[in-house]
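> give me a 3D structure for the following:
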Amino acid sequence: MEMEVNHEGVGNMLKSVALTVAAGGLLLSATTAGAAVTGGAITGGTASPGMFIILTPPFAVGEDNQQNNTALYAFNERQGVVLPAALTLDLGGTIAAGTRVSSHGVVFDPVASRSVIGYVTFDRPILGIIWDTDGLTATDGLLGLPTITYNSPPLRGLETRDIPGTSFVGNKLFIDDWDARTPGDNIRVITAVVPEPVTWAMLIAGFGLVGHAARRQRARRPAAA
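From the prediction side, this is the model:
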């Protein structure tokens, strides 16, 4: 008993699969979502009771630009950046080249010496943190925004005593007793980037159409002799 194989139909089906995968890849690239700061609060320290403020560019940071004894600031930087090389973090290890990430800043800039305990949340998981002065300066071009002025590069970052009080779990940054003086404490938070739900829906629908075409192809096969 022989079964006739419709080579043209099989070829067309394989082409459909290839086109669907290629289109899915383009969609994943074209509709990749960014990430954003979603909230935060001051919960203790001499800056408490205080307020949490999300900054919107244009503005400047790094040289007594905020100057508020009772405020914790955060802002969004570049979104959906594909890393051209591996990125070594001060907390979080190393992110591989080719990874798509988003960047954000967190600043505590009091007029006089103050301490702060608090948190900042994001809508994507945190991958790691950069707080070293050289690391911040080296990544300004890749992850910073042209509408933000990054002042006093040698003075940016965290003081040594503040490093143990910096941590994260999931999408939440924890600040445990930063003690800031002029020109304040500031860090860069790197978060993950995921495709928009619509992207997955379109990709799944594409594979569904390919499956439907395959079933129709089987149905058109001639009955065995």
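> sec struct for residue 134, please.
Classification of residue 134 by DSSP: H, G, I helix; E, B strand; the rest coil places it in helix.
> how far away is it from residue 156?
Here residue 134 is placed at a distance of 10 Å from residue 156 (Cβ to Cβ, to the nearest Å). In short, each C-beta sits where N, CA and C put it, glycine included.
> of the two, who's got more company?
In this view residue 134 and residue 156 are compared by other Cβ atoms under 10 Å, and residue 156 has more residues nearby, 27 against 12.
> pLDDT value on residue 21, please?
At residue 21, the pLDDT value in this model is 42.
> can you give me the strands for this protein?
37-44, 51-54, 59-61, 71-76, 81-82, 87-88, 94-95, 100-108, 114-122, 126-130, 148-150, 166-169, 172-180, 185-192 (DSSP state E).
> and the pLDDT at residue 10?
The model's pLDDT for residue 10 equals 43.
> using JSON lines, lay out the strands of the chain together with mean pLDDT.
Formatted as JSON lines, the strands of the chain follow (pLDDT from 0 to 100):
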{"stretch": "strand 37-44", "mean pLDDT": "98"}
{"stretch": "strand 51-54", "mean pLDDT": "98"}
{"stretch": "strand 59-61", "mean pLDDT": "95"}
{"stretch": "strand 71-76", "mean pLDDT": "98"}
{"stretch": "strand 81-82", "mean pLDDT": "97"}
{"stretch": "strand 87-88", "mean pLDDT": "98"}
{"stretch": "strand 94-95", "mean pLDDT": "98"}
{"stretch": "strand 100-108", "mean pLDDT": "98"}
{"stretch": "strand 114-122", "mean pLDDT": "98"}
{"stretch": "strand 126-130", "mean pLDDT": "98"}
{"stretch": "strand 148-150", "mean pLDDT": "97"}
{"stretch": "strand 166-169", "mean pLDDT": "98"}
{"stretch": "strand 172-180", "mean pLDDT": "96"}
{"stretch": "strand 185-192", "mean pLDDT": "97"}
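> could those strands be laid out in CSV, adding mean neighbour count and distance to residue 160?
Listed next are these as CSV, based on neighbours: other Cβ atoms under 10 Å; distance: least, Cβ to Cβ, whole Å:
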stretch, mean neighbour count, distance to residue 160
strand 37-44, 18, 21
strand 51-54, 15, 25
strand 59-61, 17, 21
strand 71-76, 22, 20
strand 81-82, 16, 29
strand 87-88, 19, 19
strand 94-95, 15, 22
strand 100-108, 24, 16
strand 114-122, 22, 15
strand 126-130, 22, 15
strand 148-150, 17, 21
strand 166-169, 16, 11
strand 172-180, 20, 11
strand 185-192, 24, 11
